[in-house]
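Colleague: Attaching a predicted model along with its sequence, questions to come.
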Amino acid sequence: MKILKDFLGRNIRLTDERLQHILEHPELVNMEIAIEETLKQPQFIVKSISDSNAELYYRFYSGTIVGDKWLCVVVKHTLNDAFILTAYLTEKIKKGIQLWPQK
């Protein structure tokens, strides 16, 4: 298990099981460092519509193996914990309340 920090300095757990799940997707192989970078330097953070405790951290990457895409890292925040649920590449940012940058 790794403990990562987000841009606010909050600890976020990345378990071995979640990392293995993420890296099962061929387009995310070799993007482990990008996951850390997305937490530390997100371009956008959106509160999930389907889970009020989940935040979607986004950072744009050019030249991934599936083209230019946003990397989305989904983090679940609870009272005393935060952990990565999943990560994926996408063409657009999901709708929801924009938390960062603040409008």
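Modeller: Yep, it's here.

Colleague: The spatially most central residue of the chain: what's it in contact with?
Modeller: Most central in the chain under C-alpha atoms, centre = their mean is residue 73, positioned 1.3 Å from the mean C-alpha point. Residue 73 sits next to 35, 38, 39, 56, 57, 84, 87 when contact means C-beta atoms under 8 Å, 6 or more residues apart in numbering. Heads up, the C-betas are built off the backbone N, CA and C, glycines and all.

Colleague: what does residue 6 give?
Modeller: Residue 6 makes contact with 12, 39, 40, 42, 57, 75, 82 under the criterion C-beta under 8 Å, 6+ apart.

Colleague: Next step: the residues you listed restricted to helices.
Modeller: Secondary structure from DSSP state H places 39, 40 of the contacts of residue 6 in helices.

Colleague: The contacts of residue 6 into TSV, with extra columns for pLDDT, neighbour count and distance to residue 4?
Modeller: Converted to TSV, the contacts of residue 6 look like this (pLDDT from 0 to 100; neighbours: other C-beta atoms under 10 Å; distance: C-beta to C-beta, whole Å):
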residue	pLDDT	neighbour count	distance to residue 4
12	98	21	5
39	98	24	5
40	98	15	8
42	98	22	12
57	98	26	11
75	98	25	9
82	98	18	9
